[in-house]
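Here you go, sequence then predicted model.
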Amino acid sequence: MKGLRKCLTPFAPDQSGAVSVLYELGGIIVVVDAGGCTGNICGFDEPRWQNSKSAIFSAGLRDMDAILGRDRLLVSKIVSAADRIEARFVAIVGTPVPATIATDYKALKRMLEKQIDLPVFTIETNGMRLYDVGETMAYKALIEEFRDRERPSGRNDSKLILGATPLTYGNNYLPMTIEDYYGIDSGIEAVAASTSGIEACKVCGLKYTVECNMAHEYCEEGRLRGRVLVVHDEAFGLTIKNRYKGYCETASFFAHGQRRLDEEDDFTRLVREGGFDTIVADSCLAPLVPFYHGAWVDAPCFAISGRLL
């Protein structure tokens, strides 16, 4: 049955990915939901929530709000929050509710811009796709909103790293500031550190190289042998494949340009037919291949298992 999970828990959805990108940038993040999606983001998909603050709000939609499309009420709530919080921007993040009722995000943006003196942008996530899609959408929104602003004096860095969020990198994520998105043009050198980084560079027309620093330790001599299968993020897999001198196949539940796994059975079939000597993947995948007796190199992926590196 398509979509049936017998072992793995649901992966982080697209709205969680969008919030992960925005979390530390100093903005007001409004998740357009009744409260459940925001609770899942803060309680399960955002490991920084316990130790650092971010202005994440739920729209708190009630049944009649959704039925009648009370956008003015939502706008008034956001304006009230903006009056109380020193913020750099307002980001409106979608969920299944606004996707179902066809919320007019452009209208929300226009209404807000008339009442607050802050950049406003929307990210039309729908909760039906995985976190990497939401991260890509957030990066695109940030770059489009701030790329024409002048980079602060003293910042001569010309390299932009996209995709190194906790959902892929765990505690090894790369902190960013809103100024990192200022003055981005097609000539900037970008590093795609994950699947979302690769896709963001593509949709924004940026030149890029693929490199996942946290994958380097897995390439150390003696850790890999024979035919190797890497199941993780796309950039993680490509980094190991480019460094390993033997046969290496990569696959991911979050891939666009390599072998994509949509179901648990896809992974089981790949391992059964591949004849691999070493698997590099989150250990939570091991119960899916009880017949496999080769080497297993544990590579936690927070978006899959909730385990931090």
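Arrived safely.

What are the buried residues along the helix or strand bottoming out on mean pLDDT in the chain?
Using mean pLDDT, DSSP states H and E, the weakest-scoring helix or strand in the chain turns out to be helix 63-68, at a mean of 78. By neighbour count on 16 or more other CB atoms under 10 Å, the buried set for helix 63-68 is 65, 66. C-betas here are computed from N, CA, C, even on glycine.

following the stretch of helix or strand residue 77 belongs to, which helix or strand comes up?
Counting by DSSP states H and E, the element that carries residue 77 is helix 71-84. Sequence-wise, the next helix or strand downstream of helix 71-84 (DSSP H and E) is strand 90-93.

Beyond that following strand, next helix or strand please.
helix 96-101.

tell me what that following helix is packed against?
Contacts of helix 96-101 with other secondary structure elements, assessed using 3 or more CB pairs under 8 Å, 6 or more residues apart in numbering; DSSP states H and E, are made with helix 63-68.

which residues are in contact with the helix it packs on?
By CB atoms under 8 Å, 6 or more residues apart in numbering, the surrounding residues in contact with helix 63-68 are 34, 59, 70, 73, 74, 97, 100, 101.

same thing but 10 Å
Applying CB atoms under 10 Å, 6 or more residues apart in numbering, the contact partners of helix 63-68 are 32-34, 59, 61-62, 70-71, 73-74, 97-98, 100-101, 103.

quick one: low-confidence parts of this structure?
1-3, 154-158, 186, 257 (pLDDT under 70).

Which residue ranges make up the domains of it?
Each structural domain of the chain that the record assigns through automatic domain parsing is listed here as a residue range: 14-131, 218-305.

For residue 170, find the nearest of those domains.
Residue 170 lies closest to domain 218-305 among these, at 4.9 Å (CB to CB).

Tell me which stretches of the protein form helices.
14-22, 36-40, 63-68, 71-84, 96-101, 105-113, 131-146, 166-169, 195-203, 234-243, 264-274, 302-305 (DSSP state H).

quick one, which of the ones you listed is nearest to residue 293?
For the helices of the chain, the distance to residue 293 is smallest for helix 264-274, at 10.9 Å, taking CB to CB.

related to what we said a few turns ago, buried ones in the helix holding residue 77?
Per 16+ other CB under 10 Å, helix 71-84 contains these buried residues: 71, 74, 75, 78, 81, 82.

Check which helices and strands it sits against.
Using 3 or more CB pairs under 10 Å, 6 or more residues apart in numbering; DSSP states H and E as the contact criterion, the elements in contact with helix 71-84 are strand 28-31, strand 55-58, helix 63-68, strand 90-93, helix 105-113.

Would you mind giving those as TSV with distance to residue 17 added?
Putting the helices and strands packed on helix 71-84 into TSV (distance: least, CB to CB, whole Å) gives the following:
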stretch	distance to residue 17
strand 28-31	12
strand 55-58	14
helix 63-68	23
strand 90-93	10
helix 105-113	17
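
Would you mind telling me which of the ones you listed is nearest residue 241?
Among those, strand 90-93 comes nearest to residue 241, with 33.5 Å by CB to CB.

quick one on the thing from earlier: which of the helices and strands packed on helix 71-84 sits closest to residue 250?
Smallest distance to residue 250 across those (CB to CB): 30.2 Å, for strand 90-93.

Neighbouring strands - and their directions - for the closest one?
Using DSSP bridges, the strands paired with strand 90-93 in its sheet are strand 28-31 (parallel), strand 120-123 (parallel).

Throw those strands into a markdown table and include mean neighbour count and distance to residue 167, thanks.
Below are the strands paired with strand 90-93 laid out as a markdown table (neighbours: other CB atoms under 10 Å; distance: least, CB to CB, whole Å):
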| stretch | mean neighbour count | distance to residue 167 |
| --- | --- | --- |
| strand 28-31 | 26 | 15 |
| strand 120-123 | 23 | 15 |
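
Throw those into TSV and include distance to residue 262, thanks.
Below are these laid out as TSV (distance: least, CB to CB, whole Å):
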stretch	distance to residue 262
strand 28-31	26
strand 120-123	24
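
who wins for proximity to residue 12 among those?
With CB to CB as the criterion, residue 12 lies closest to strand 28-31 of the strands paired with strand 90-93, at 13.8 Å.

rewinding a little: out of the helices and strands packed on helix 71-84, flag the one nearest residue 226.
The closest of these to residue 226 is strand 90-93. By CB to CB, the value is 44.1 Å.

The closest one: which residues count as buried?
90, 91, 92, 93.

just how off-centre is it within its chain?
Relative to its parent chain, strand 90-93 has a centroid offset of 15 Å by CA atoms, centre = their mean, to the nearest Å.
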